[in-house]
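1. Give me coordinates for this.
(2 chains)
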Amino acid sequence: MTTIKLHNTKTRKREDFVPIDPKNVRMYLCGPTVYDRAHLGNARPVLVFDVLNRLLRHVYGEEHVTYVRNFTDVDDRINETAQKRKAAGAEGTLEELIHERSNETIHWYHEDMDALGARRPDHEPRATEYIAQMIAMIEDLIAKDHAYAAEGHVLFAVDSWKEHYGSLSGRSVDDMIAGARVEVAPYKRNPMDFVMWKPSPDDLPGWDSPWGKGRPGWHIECSAMAKELLGEQFDIHGGGNDLMFPHHENEIAQSCCANDTDTMANYWLHNEMLQVEGKKMSKSLGNFFTVRDLLDQGVPGEVIRFVMLSTHYRKPMDWTEKKREEAEKTLRLWNDPDVVGFVTAHDKKPDRDVVEPLLNDLNIHGAIAELHKMYKEERFEQLIRSATFLGLPAGNGEFFMRLKALEQTQNWHEAGEELKFYAGKLNELRGEAMQTKDFSAVDSFRKMLLDAGVEVKITKAGAEAIPTSDYDHSKLEPLE
RNA sequence: GGCGAGUUGGCGGAGUGGUUACGCAGCGGAUUGCAAAUCCGUGUACAGGAGUUCGAUUCUCCUACUCGCCUCCA
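-> Below is the predicted model:
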């Protein structure tokens, strides 16, 4: 049996992955809060766990994996947009406008992640559809003295689980209190107690509960949805490492106390953060951008995917222009119909050489290195199958043409036709020059083409003129 | 201050207790009127110090530096 090794945050060690039930391997990933377009950093966990999802299905069978990724659609930023729209005269109730904003954002999210080649999870629960389960869980926690209601809030009492709380992130309750810089709400018994339910302001919608009209805290959402869809205990829980504390820590506390278990998930996987040109992506630094921004700039989703997968998930990854270029170059080679052929892989079974590195804590870059070898050794059939498995394009002539078209003019075919005449002229001049040994006319003609942003290739078959992204028709001198 | 991750050749980026990463760039060659493109070949590395070991880039400890989290940001 093939064994997958994964670095478990819980133990800080690389461990053999042993599923609870090989017939149903269960994985939960914390999904986005749907208040706006996904930024580039949001794409990292999606792609990392997309590969893990593919790998699990490869090892355990397509039908033996359940992958859940939630949508958090309870959020002040969603409400804000809805309120603004209402103030601007939009039709419908505030509730409707809020729902509309969530729907809109979820639609964008799907569009963008689809473009990156991420397979959709089996379930994509929305928090607002699981309020009843959350309330039930909270009631249960109160009954078990792990939580208490105060001033319309319900808080989890960390002291009731003091010996376990903090074990994932390696902190103790006492340490955390010592280092805490947050202002403590007066109704908290312990400064580290966190909110599971809070009252809704009068001007915002909420749900009826035993503690009055209100809404759930962020952490209880994941606990409730994971339990409902994956059971009290499941195999893998993932997310960005910024979620390790407090989000995941709180999930564990809620779930274990409510379910009377000592474990929520057996394996916790956390991806490192994304940086842009060496710095953290932030609006103030001006290096903040969304996946959509890149796609609109003409960066193919496949290229974004390739760059993202090139760095191991537990290392900080830097998005740079140079990487984008290299990725594009590589994918161009792998998809050149003249070299690789023009094939669609029906069989998505990856080669053993590509699976091997993946088994070792998702060494995706190692797998990509194998793809390079396959290309070099002209094992194109393997290349196509294996790349397809990783969600990367290979042997896809359509993609190749798309890349070409992108880096060339807005109307590549038109320019190509036009340039045929120039290529012909160049051939003519060369033919003459071969006789006279005077190449000055050839060189100056070629320089004119280069200045106009035309790439000139000379092969045995003759000269070829190809427009580049700098192609400027007006710089071409008319042919007599 | 607390917790965690990282530090590999010009750049990106894997991996290993003793052996080739891989890609890009560079260099040499083939090809070419000269180039470009392409093909072939090729050099350079494991932050610093101490320890364990027959032997460490790989294990342990210390130091330095970088980054993240501790603020419902993946």
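
2. by contact count, what packs against the stretch of helix or strand residue A:445 belongs to?
-> If you go by DSSP states H and E, residue A:445 is part of helix A:440-451. If you count contacts as 3 or more C-beta pairs under 8 Å, 6 or more residues apart in numbering; DSSP states H and E, helix A:440-451 packs onto helix A:412-436, strand A:454-459. In short, each C-beta sits where N, CA and C put it, glycine included.

3. CA-only coordinates of that helix in PDB, if you can.
-> Extracted in PDB, the C-alpha atoms of helix A:440-451 (Å, rounded to 0.1, in the frame of the first residue of the first chain):
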ATOM      1  CA  SER A 440      24.300  44.900 -45.300                       C
ATOM      2  CA  ALA A 441      20.800  45.000 -46.900                       C
ATOM      3  CA  VAL A 442      19.800  41.900 -45.000                       C
ATOM      4  CA  ASP A 443      21.000  43.200 -41.700                       C
ATOM      5  CA  SER A 444      19.400  46.600 -42.000                       C
ATOM      6  CA  PHE A 445      16.100  45.000 -43.100                       C
ATOM      7  CA  ARG A 446      16.200  42.700 -40.100                       C
ATOM      8  CA  LYS A 447      17.000  45.500 -37.800                       C
ATOM      9  CA  MET A 448      14.000  47.400 -39.000                       C
ATOM     10  CA  LEU A 449      11.900  44.300 -38.200                       C
ATOM     11  CA  LEU A 450      13.400  44.000 -34.800                       C
ATOM     12  CA  ASP A 451      12.800  47.600 -34.000                       C
END
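
4. Identify the residues contacting the closest residue to RNA strand B within the stretch 101-250 of chain A.
-> Proximity of the stretch 101-250 of chain A to RNA strand B (C-beta to the nearest atom of the strand) peaks at residue A:240, 1.8 Å away. By C-beta atoms under 8 Å, 6 or more residues apart in numbering, the contact set of residue A:240 is A:30, A:41, A:44-45, A:270-271, A:273.

5. quick one: the strands in the stretch 201-350 of chain A?
-> Per DSSP state E, counting those that start in this stretch, the stretch 201-350 of chain A carries strands over the ranges A:214-216, A:234-240, A:265-271, A:274-276, A:279-280, A:317-319.

6. The last one pairs with which strands?
-> Translated: strand A:317-319. Sheet pairing of strand A:317-319 (DSSP bridges) gives strand A:274-276 (parallel).

7. touching RNA strand B at all, the strand it pairs with?
-> Yes: with C-beta under 7 Å from any atom of the strand as the criterion, RNA strand B is reached by strand A:274-276 at A:274-275.

8. what's the spacing between that strand and its chain's center?
-> How far strand A:274-276 lies from its chain's middle: 13 Å, per C-alpha atoms, centre = their mean, to the nearest Å.

9. What is the burial count for residue A:158?
-> Using other C-beta atoms under 10 Å, residue A:158 has 24 other residues around it.

10. Check residue A:280 too.
-> Using other C-beta under 10 Å, the number of residues around residue A:280 comes to 13.

11. Pairing-wise in the sheet, spell out the partners of it.
-> residue A:275.

12. my guess is it meets residue A:272, correct?
-> No: with contact defined as C-beta atoms under 8 Å, residue A:280 does not count as touching residue A:272 (11.7 Å).

13. Could I get the contacting residues of the residue in the stretch 251-400 of chain A that RNA strand B sits nearest to?
-> Minimum separation of the stretch 251-400 of chain A from RNA strand B (C-beta to the nearest atom of the strand) falls at residue A:312, amounting to 2.8 Å. Residue A:312 sits next to A:362-365 when contact means C-beta under 8 Å, 6+ apart.

14. Where do the strands of the stretch 51-200 of chain A begin and end?
-> Using DSSP E, counting those that start in this stretch, the strands of the stretch 51-200 of chain A run over A:65-69, A:147-150, A:153-156, A:194-199.

15. And those strands: which comes nearest residue A:256?
-> Smallest distance to residue A:256 across the strands of the stretch 51-200 of chain A (C-beta to C-beta): 11.3 Å, for strand A:153-156.

16. The closest one and RNA strand B in contact?
-> No: figure legend: strand A:153-156 not in contact with RNA strand B (C-beta under 7 Å from any atom of the strand); closest approach 10.1 Å.

17. domains for chain A, by residue range?
-> A:16-271, A:275-404, A:408-475 (automatic domain parsing).

18. do the shortest one and RNA strand B meet at all?
-> Think domain A:408-475. Yes: contact of domain A:408-475 with RNA strand B (C-beta under 7 Å from any atom of the strand) involves A:430, A:433-434, A:439, A:442-443, A:446, A:455-459.

19. Can you lay out those as CSV showing neighbour count, pLDDT and distance to residue A:334?
-> Below are the residues of domain A:408-475 next to RNA strand B laid out as CSV (neighbours: other C-beta atoms under 10 Å; pLDDT from 0 to 100; distance: C-beta to C-beta, whole Å):
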residue, neighbour count, pLDDT, distance to residue A:334
A:430, 17, 84, 33
A:433, 15, 82, 37
A:434, 10, 81, 36
A:439, 14, 82, 36
A:442, 20, 83, 34
A:443, 12, 82, 35
A:446, 20, 83, 30
A:455, 15, 74, 20
A:456, 17, 78, 25
A:457, 11, 75, 20
A:458, 14, 74, 25
A:459, 7, 69, 22
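
20. Surely residue A:17 touches residue A:7?
-> No: between residue A:17 and residue A:7 there is no contact under C-beta under 8 Å: 10.5 Å.

21. mind listing the helices for the stretch 201-350 of chain A?
-> Secondary structure of the stretch 201-350 of chain A by DSSP state H, counting those that start in this stretch: the helices cover A:218-230, A:249-259, A:291-296, A:301-309, A:321-335.

22. Endpoint to endpoint, stretch A:59-78 covers what distance?
-> 39 Å (C-alpha to C-alpha, to the nearest Å).

23. Which residues of the stretch 151-300 of chain A lie near RNA strand B?
-> Counting by C-beta under 7 Å from any atom of the strand, the stretch 151-300 of chain A comes close to RNA strand B at A:169-171, A:175-176, A:178-182, A:195, A:198, A:217-218, A:239-246, A:271-275, A:279-281.
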